[in-house]
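Enquirer: How does the following fold in three dimensions:
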Amino acid sequence: MQICPPSRLLHLPLALCTMLGSTMLSADTGQPEFLRVMLQGHSATALRQLVEDAGGSVTHELAIIEAVGALVTPAQLESMRSSPLVLRLIDDLSMDMSEPLPPPDKAACTIGGALEATLLADGIHWPLHHQGQTPAELTRLEISWPAALGDLTRLRLDTRDLPREQAPTNADNRQSLVLDYAPGQTPALTGITQLHIGFSRSLANPEGALAWAQKDFSVKLEFGADCSSELIPGYPDYASDTYYPTVAGASELHRHGITGRGVTIAVLDSGLWEHPALALDTRGKPRIVGRYDAIEDIAGKPVADASGHGTHMASVAAHSEEVLTDGKSNGTWKGIAPDVGLVAVKAFDEDGQGDFLDIVRGIQWIVEQRDALDIKVLNLSFAARPRWPYYLDPINQALMKAWATGITVVAAAGNEGPDPMTIGSPGNLPYLITVGAYTDSWTIENRDDDYIPDFSSRGPTPSGHIKPDIVAPGGHIAGLVQPGSTLTRKHPDYMISTGELVMTGTSQASALVTGIVALLLQLEPDLTPDDVKCKLMSSAEPAINRDGRLAYSPFQQGSGAVNAVRAVTLGQRGCGNKDLDLGRDIAGEQYFEGPAIIDEEGNASLPGLSRMLAKEPSADGLSSDRKWGVKDHIERKDTAAPDPDLPFKWLEIYLSERDLIEALSTQPSSGTFE
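Expert: Just a heads-up that it's a prediction; the model follows:
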């Protein structure tokens with residue numbers, strides 16, 4: 001049990017938050033069993049001796065936070081509790097990373113349509129995956145298609161035609177049909193079922209090439225009141241491109257030779273499938289420089305990834321397969337930083353379960369190997385509900401030490417939005433870079449439909465800090481996973497024809513930012529973690545409404561959407577964590593609260609936020625009001641008259657950025673980077 005709850009008090013003594021062990025009895029014998037605990041004090045060495053003298057067994061030596069993990073009986077624990085060597089004891093060590101893939105799982109719905117439909121000349125073929133035990137019947141079908149394709153000639157589930165007595169409507173060069181079904185009218189779905197849709201005219205042009213894409217069709221199926229599946233718009237060609245490097249600005253840097261070469265990132269997650277696109281860089285050279293299983297405490301051997309999560313994160317950051325345009329390389333790659341060195345650290349099992357001891361041990365190993373493996377960046381694509389103030393969290397304590405050694409740490413905000421104060425741990429640690437997610441709505445060029453989805457966790461943190469720091473593409477991100485891993489079994493409808501898995505969440509957004517950090521460090525190896533954070537935040541593009549107010553609160557978007565090119569060209573130094581003091585925090589001399597306040601209505605706010613923020617929530621999807629970035633806001637054709645009460649000087653920022661870009665454009669090019 002926990003004696004004291006999370007608090008915002010400064011200088012809270014560790015001794016006041018001692019965690020007491022609880023007795024566990026064997027169901028078979030009624031005799032006490034061993035307890036797994038973490039003991040923390042001033043000396044890990046002294047704590048080891050204390051455990052051994054009591055007859056217990058030390059499982060984890062965690063000098064990075066002056067702690068040990070141990071197996072003890074309740075009697076042994078009781079004998080140690082009163083020792084002045086023990087300042088803190090934790091007996092609940094579990095950490096669940098198995099967050100649902102947003103949107104949140106629908107408990108009553110076990111049917112999912114594949115993300116890709118097969119388009120052929122004769123029509124659309126769409127697989128439906130039913131993972132439930134009870135057969136399901138279709139109750140409603142809505143379909144819309146280009147009028148140029150003519151009439152609907154086939155509507156079939158597997159080999160059985162569906163009744164369609166109603167006639168389609170025709171408007172805006174599209175035909176639409178809505179069909180409602182009574183029980184028994186449609187075949188019951190089990191396993192994988194194919195929906196076949198045919199038209200009177202071919203989907204191919206006279207040369208035989210497809211003239212239409214998945215985004216040209218709308219299909220929605222309902223299986224009762226709480227279960228439905230829709231055909232997504234999709235990207236033009238997943239086999240040749242992952243698209244998010246383009247959305248985030250990384251592709252443009254790839255063409256200039258900025259690919260993360262010379263920078264090593266560590267991914268602390270569920271392991272790594274050593275697929276060639278991860279094991280080798282763009283030149284076919286081996287690039288996995290370190291492997292550590294923090295669960296088994298084994299270094300140097302491959303860390304199998306039965307979950308698939310860790311592999312997916314590494315793929316987002318480092319996938320080294322070329323992007324193709326019309327079958328030819330266009331000079332870019334599927335991952336953000338395809339030439340980084342990789343260090344794989346396993347601390348979570350196949351179900352996304354881990355514990356504090358293994359996670360801290362993994363961080364400790366990374367810090368110990370920092371110089372030998374030249375680790376510059378650490379990716380943490382997981383989030384759990386904070387259980388303590390940031391400075392009392394054992395993982396955060398270890399991460400502060402990592403940041404102090406020069407390792408830039410990137411963490412997911414979490415997928416627990418849209419409520420405020422849902423930022424997860426370790427993303428609640430004020431020093432590191434915490435990343436929320438936005439989605440591009442499947443459109444690469446049009447930013448007007450980019451929005452922050454509800455799942456992305458919101459700030460402030462319990463200690464009042466503004467989080468996330470930035471937002472990044474986190475919707476429908478394709479990446480590698482090993483066939484048969486947990487994610488592929490749980491979400492077969494998220495698999496695409498390349499064998500990759502499409503996932504959505506702040507985990508993907510944080511892995512993407514980890515890749516961007518590597519690109520920055522390739523160009524400027526002397527950047528400190530604080531400077532990296534400053535460059536990302538100072539160059540981010542906030543979402544701004546026509547009236548000049550923020551479309552999203554800083555607790556939703558942080559400083560705005562990250563962009564790799566802007567970070568390189570416009571990012572500043574010297575502003576990262578300037579109001580904090582890491583040394584004093586680590587020493588326990590001072591802890592820091594953020595600027596968030598609670599307003600009269602009990603809502604989290606900031607001084608002056610009512611002047612900065614739009615009165616109405618920003619729309620999901622396409623918006624005629626919202627623009628991302630000062631440039632797009634100033635250059636919009638329908639901007640409103642400046643509000644004298646507005647605290648932002650958007651025009652001044654716009655002119656300053658323009659002058660800086662013009663100055664950079666006149667400098668001689670140094671060519672590509674090796």
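Enquirer: For residue 441, pull up the helix or strand it's in.
Expert: Of the helices and strands defined by DSSP states H and E, none includes residue 441.
Enquirer: check contacts around the closest residue to it other than its chain neighbours.
Expert: Distance criterion Cβ to Cβ, 6 or more residues apart in numbering; nearest residue to residue 441, sequence neighbours excluded, is residue 449 at 4.0 Å. Glycine gets a C-beta too; all of them are placed from N, C-alpha and C. When contacts are counted by Cβ atoms under 8 Å, 6 or more residues apart in numbering, residue 449 touches 440-441, 443, 621-623.
Enquirer: Please repeat the previous calculation with a cut-off of 10 Å.
Expert: Residues near residue 449 by Cβ atoms under 10 Å, 6 or more residues apart in numbering: 439-443, 619-623, 626.
Enquirer: which one of these has the most neighbours?
Expert: When those are compared by neighbour count (other Cβ atoms under 10 Å), residue 439 ends up highest, at 25 neighbours.
Enquirer: I'd say that one and residue 506 touch.
Expert: No - using Cβ atoms under 10 Å, residue 439 is not in contact with residue 506, being 11.5 Å away.
Enquirer: that older thread, which one of the contacts of residue 449 is nearest residue 365?
Expert: residue 439 (34.8 Å; Cβ to Cβ).
Enquirer: Out of the contacts of residue 449, which sit inside strands?
Expert: Secondary structure from DSSP state E places none of the contacts of residue 449 in strands.
Enquirer: pLDDT added to the residues you listed, as a markdown table?
Expert: Below are the contacts of residue 449 laid out as a markdown table (pLDDT from 0 to 100):
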| residue | pLDDT |
| --- | --- |
| 439 | 97 |
| 440 | 95 |
| 441 | 95 |
| 442 | 94 |
| 443 | 94 |
| 619 | 94 |
| 620 | 96 |
| 621 | 95 |
| 622 | 95 |
| 623 | 95 |
| 626 | 96 |
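Enquirer: give me the low-pLDDT residue ranges for the protein?
Expert: For the chain, the stretches with pLDDT under 70 are 1-32, 96-108, 668-674.
Enquirer: and if we set it to 50?
Expert: Under the criterion pLDDT under 50, the flagged ranges of the chain are 1-27, 100-106.
Enquirer: How about stretch 220-235, which residues are buried there?
Expert: 221-223, 227-229, 231-232, 234-235 (16 or more other Cβ atoms under 10 Å).
Enquirer: can I get these in CSV with secondary structure and distance to residue 273?
Expert: Shown next, in CSV, are these (DSSP: H, G, I helix; E, B strand; the rest coil; distance: Cβ to Cβ, whole Å):
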residue, secondary structure, distance to residue 273
221, strand, 33
222, strand, 37
223, coil, 34
227, coil, 32
228, strand, 33
229, strand, 29
231, coil, 29
232, coil, 26
234, coil, 25
235, coil, 23
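Enquirer: of all those, which comes closest to residue 86?
Expert: Of all the buried residues of stretch 220-235, residue 227 has the smallest distance to residue 86: 51.9 Å, by Cβ to Cβ.
Enquirer: Contact partners for that closest one?
Expert: Shown in contact with residue 227 (Cβ under 10 Å, 6+ apart): 106, 108-112, 132, 136, 139, 221.
Enquirer: What separation is there between residue 327 and residue 207?
Expert: 16 Å (Cβ to Cβ, to the nearest Å).
Enquirer: Please name the nearest non-neighbouring residue to residue 197.
Expert: Distances taken as Cβ to Cβ, 6+ apart put residue 124 closest to residue 197, at 4.4 Å, once the chain neighbours are dropped.
Enquirer: packing partners for the helix or strand hosting that neighbour?
Expert: Using DSSP H and E, the element containing residue 124 is strand 123-130. Strand 123-130 sits against strand 111-113, strand 118-120, strand 140-146, strand 152-157, strand 191-199, strand 218-222, strand 228-230, with contacts defined as 3 or more Cβ pairs under 10 Å, 6 or more residues apart in numbering; DSSP states H and E.
Enquirer: Out of the ones you listed, the one nearest residue 276 is which?
Expert: strand 118-120 (26.7 Å).
Enquirer: What residues sit buried inside the closest one?
Expert: For strand 118-120, the neighbour count (16+ other Cβ under 10 Å) marks residue 119 as buried.
Enquirer: what's the answer for stretch 47-58, then?
Expert: Buried, per 16+ other Cβ under 10 Å, within stretch 47-58: 47-48, 50-51, 54, 56, 58.
Enquirer: circling back: state the distance from the residue nearest to residue 441 to residue 120.
Expert: For residue 449, the distance to residue 120 (Cβ to Cβ) stands at 29 Å.
Enquirer: and if you look at residue 165?
Expert: Residue 165 is 27 Å from residue 120, where distance means Cβ to Cβ.
Enquirer: Now tabulate the helices and strands packed on strand 123-130 in a markdown table and tack on distance to residue 648.
Expert: Below are the helices and strands packed on strand 123-130 laid out as a markdown table (distance: least, Cβ to Cβ, whole Å):
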| stretch | distance to residue 648 |
| --- | --- |
| strand 111-113 | 43 |
| strand 118-120 | 46 |
| strand 140-146 | 41 |
| strand 152-157 | 51 |
| strand 191-199 | 49 |
| strand 218-222 | 39 |
| strand 228-230 | 38 |
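Enquirer: Output the buried residues of stretch 220-235 in CSV; the columns should cover distance to residue 660.
Expert: Below are the buried residues of stretch 220-235 laid out as CSV (distance: Cβ to Cβ, whole Å):
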residue, distance to residue 660
221, 51
222, 53
223, 55
227, 52
228, 49
229, 48
231, 44
232, 39
234, 38
235, 33
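Enquirer: Specify which member of the residues you listed is nearest to residue 34.
Expert: Of those, the one sitting nearest to residue 34 (Cβ to Cβ) turns out to be residue 227, at 44.7 Å.
Enquirer: just checking, residue 423 touches residue 596?
Expert: No - if you go by Cβ under 10 Å, residue 423 and residue 596 don't touch, sitting 11.2 Å apart.
Enquirer: sorry, back to before: intersection of neighbour lists for residue 439 and residue 506?
Expert: Residues touching both residue 439 and residue 506 (Cβ under 10 Å, 6+ apart): 102, 455-456, 471, 474.
Enquirer: Could you work out the most separated pair of the residues you listed?
Expert: Going by Cβ to Cβ, the pair spanning the shared contacts of residue 439 and residue 506 furthest: 102 and 471, at 14.0 Å.
Enquirer: Assumed residue 565 was part of a helix.
Expert: Yes - with DSSP: H, G, I helix; E, B strand; the rest coil as the criterion, residue 565 is part of a helix.
Enquirer: hang on, it packs against residue 249?
Expert: Yes - counting by Cβ under 10 Å, residue 565 touches residue 249, with 4.1 Å between them.
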